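> 3D, please:
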Amino acid sequence: MNVQPPLSATPAPQRRVNPVLLVALGAVLAVVIGLGGVYLGMTLRGDTTAAPPEPEPVAVATPDPVVATAEPASDSLSTDELADRYASGVFKVEVEGCNMSGSGSAWVLDEHHLVTNWHVVSIDPTPELVSRDGRTTMTGTVIGGRTEPDIAVIEVDEPIRGAALDWANTDDLREGEEIVSLGYPAPAGDFSVTPSTILSFQMDGPTREAIRGDGALDHGNSGGPALTTDGEVAGVATVMVREANQLQMVPLLFTADALRSTVQDFIDDPQTVEESCDEEVAELPDEWGDDFEDWSASGPDAYGDDATLDALWDSCAAGDLEACDSLWWDSPIGSGYEAFAATCGGTSEASHGSCVSDAGWAAQEAAWEAERVQDEADRAAEEAADQAAEEQAQAEEEAAVAALLSACEAGDMQACDDLYWQSPSGSEAEATAADCGGHFADYWGSCVDREAEAGEIATLVGSCEAGDLQACDDLYWQSPSGSEAEAIAEDCGGRYPGEGGSCVWAEEEDE
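Just a heads-up that it's a prediction; the model follows:
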């Protein structure tokens with residue numbers, strides 16, 4: 001069988017399985033692929049590859065969540081009854097990392113642990129977990145994961161609100177037995193219920209390591225459980241197989257015998273797991289290795305060798321990036337088909353199955369760059385506008401000061417007062433305003449007040465010189481020290497020299 005990537009939701013360059021040819025039991029040829037060329041579980045954005053025609057999965061309503069507890073086994077539950085009872089124990093896994101995002105499925109083992117595939121969470125060690133009804137969202141931590149077997153355990157701090165599931169006894173499973181897969185497959189990633197039948201087992205000696213079923217699983221199912229009719233986990237959806245002489249796609253579900261000890265090891269000895277952006281391959285157990293040979297030498301290579309791949313080539317060449325991704329995942333490694341798909345139809349240097357996501361990322365980067373350029377242009381325009389406004393204000397202020405200076409020097413005392421407050425500190429204009437344009441340098445206070453006071457003093461000077469000794473006394477006290485007016489008052493208008501401030505008294509004494 002040709003081994004292709006497991007059933008990952010949306011192909012990502014990090015998740016490709018090396019195609020190989022399996023010859024077993026009379027040279028039966030098969031292709032192992034993840035739905036549409038990748039792992040069953042991850043729906044990485046951009047992939048729309050569909051599973052082979054099968055009955056549509058049945059979406060089933062979910063009961064109210066409860067804290068994870070193992071449900072009591074029943075002799076036999078219908079498909080609807082299994083979904084009703086155990087839907088709360090199956091979570092959607094949303095991951096983001098390595099410039100990708102996607103989703104898969106996971107199931108509740110106990111109130112703090114969920115089981116999924118490693119390829120589902122390898123790019124994100126802290127995935128988001130979303131319950132069937134959407135009411136519960138948790139951030140989990142991957143405490144262990146490996147590619148052989150393809151399994152991982154997610155731990156959460158808070159008790160999980162969902163029905164816990166238990167492993168089925170693999171030895172009790174039988175060919176022809178009905179099983180039901182629960183998960184969140186493409187295209188929408190909605191919760192779905194997919195009934196199927198056990199066709200056969202992949203054996204390692206007497207051990208049943210995986211189940212071959214006939215369910216129509218798809219991207220996003222990876223990591224989800226396949227339940228027996230009594231509600232136990234018969235297997236975990238991981239990869240797909242396709243017989244070379246048939247059209248039927250067959251899910252490969254790894255059993256408790258293949259996975260349980262590894263899962264328990266992760267729980268007993270949790271590790272710090274880092275995101276893995278390196279290429280992950282779907283590794284089947286080592287003991288199956290003797291059944292596999294390199295497929296790349298015998299598979300279709302160049303355009304014209306395979307009608308299905310040719311159709312994808314044509315669509316890719318026409319600009320359909322989803323077709324380019326599908327062609328990359330579906331073509332043999334090292335083939336001309338793969339090389340053409342890796343360039344996204346000649347539009348990229350090396351996308352390796354991620355044409356859609358790469359184009360989306362490039363568009364996002366272009367949008368960010370355009371936004372950055374626009375922000376810089378807006379900021380520069382704003383700064384220029386602010387500078388122009390500042391220069392305009394400064395010019396207007398300078399013009400106003402010049403006008404006030406001219407008016408002050410011409411004798412406008414209000415202009416002198418305004419000039420004093422508006423002129424820069426320490427400037428020549430301020431000095432001019434301080435002595436009221438040279439008009440009332442000997443006075444105190446505002447120029448308007450000085451002008452009024454000077455008028456009053458002039459009146460007192462006239463009265464004093466006319467013989468009004470009270471006016472002389474008032475002039476003495478009101479006139480600026482050292483002024484001509486003070487000298488006139490000091491001599492009482494020439495009548496009593498040296499009696500300034502006491503002119504009235506001097507007159508009375510003289511009488």
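
> use CA for all of it now, contacts and neighbours both
Will do.

> Ramachandran coordinates for the closest residue to residue 257 other than its chain neighbours?
In space, and not counting its chain neighbours, residue 257 is closest to residue 209: 5.9 Å by C-alpha to C-alpha, 6 or more residues apart in numbering. When read as degrees, to the nearest 10, the backbone of residue 209 gives phi -90, psi -20.

> Give me the contact list for stretch 335-350.
Applying C-alpha atoms under 8 Å, 6 or more residues apart in numbering, the contact partners of stretch 335-350 are 296, 300-303, 309, 313, 316-319, 321, 324-325, 327-329, 331-332, 351-353, 355.

> What is the burial count for residue 80?
Residue 80 has 14 neighbours, counted by other C-alpha atoms under 10 Å.

> what's the spacing between it and residue 189?
19 Å (C-alpha to C-alpha, to the nearest Å).

> for residue 108, same thing?
On the measure of C-alpha to C-alpha, residue 108 and residue 189 end up 18 Å apart.

> In this protein, which helix is the longest?
For the chain, the longest helix by residue count, based on DSSP state H, is helix 355-409.

> Give me the helices and strands touching that one, please.
On a contact count with 3 or more C-alpha pairs under 8 Å, 6 or more residues apart in numbering; DSSP states H and E, helix 355-409 meets helix 321-330, helix 413-422, helix 428-434.

> which element follows the shortest one toward the C-terminus?
It stands for helix 428-434. Next in sequence after helix 428-434, counting helices and strands by DSSP states H and E, comes helix 447-465.

> Equivalent analysis for the first one, please.
On the C-terminal side of helix 321-330, the nearest following helix or strand under DSSP H and E is helix 336-342.

> Which of the contacts of stretch 335-350 are buried? Put it as a ChimeraX command.
Those of the contacts of stretch 335-350 that count as buried under 16 or more other C-alpha atoms under 10 Å are selected in ChimeraX with:
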select :296,300,301,302,303,309,313,316,317,321,324,325,327,328,329,331,332,351,352,353,355
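
> per-residue pLDDT, the nearest residue to residue 306 once chain neighbours are set aside?
Of all residues not flanking residue 306 in the chain, residue 300 sits nearest, at 6.2 Å (C-alpha to C-alpha, 6+ apart). pLDDT, residue 300: 82.

> Over to residue 493?
For residue 493, the model assigns a pLDDT of 89.

> next one: residue 121
Looking at residue 121, its pLDDT stands at 94.

> That one: neighbour count?
A count of nearby residues for residue 121, using other C-alpha under 10 Å, gives 32.

> Quick check: it touching residue 127?
Yes. Contact status for residue 121 versus residue 127: in contact at 6.9 Å, counting by C-alpha atoms under 8 Å.

> Need the overlap of contacts for the two.
When contacts are counted by C-alpha under 8 Å, 6+ apart, residue 121 and residue 127 are jointly contacted by 95, 142.

> where in this protein is pLDDT low?
Counting by pLDDT under 70, the chain has low-confidence residues at 1-75, 241-249, 278-299, 442-443.

> Against residue 228, how distant is residue 179?
Taking C-alpha to C-alpha, one finds residue 179 at 5 Å from residue 228.

> In terms of neighbours, single out the busier of the two.
A direct count of neighbours by other C-alpha under 10 Å for residue 179 and residue 228 places residue 179 higher, at 26 against 22.

> Could I get the contacting residues of that one?
195, 196, 197, 198, 226, 227, 228, 229, 234.

> go again using 7 Å as the cut-off
Taking C-alpha atoms under 7 Å, 6 or more residues apart in numbering, we find residue 179 in contact with 195, 196, 197, 226, 227, 228, 229.

> Please name the bridge partners of it.
Listed beta-bridge partners, residue 179: residue 196 (assigned using DSSP bridges).

> Count the neighbours of residue 223 for me.
Residue 223 sits with 40 neighbouring residues when counted by other C-alpha under 10 Å.

> Assign a three-state SS to it, would you?
Following DSSP: H, G, I helix; E, B strand; the rest coil, we place residue 223 in the coil state.

> doesn't residue 238 make contact with it?
Yes. Counting by C-alpha atoms under 7 Å, residue 223 touches residue 238, with 6.4 Å between them.

> Identify the contacts common to the two.
Residues touching both residue 223 and residue 238 (C-alpha under 7 Å, 6+ apart): residue 117.

> I'd like the distance between the residue nearest to residue 306 and residue 277.
Residue 300 is 29 Å from residue 277, by C-alpha to C-alpha.

> How about residue 189?
Shown here: residue 189 relative to residue 277, a distance of 23 Å by C-alpha to C-alpha.

> out of those two, which sits in the busier spot?
Using other C-alpha under 10 Å, the more surrounded residue of residue 189 and residue 277 is residue 189, with 21 against 16.

> Spit out the contact partners of the residue nearest to residue 257.
So residue 209 contacts 202, 203, 254, 255, 257, 258 (C-alpha under 7 Å, 6+ apart).
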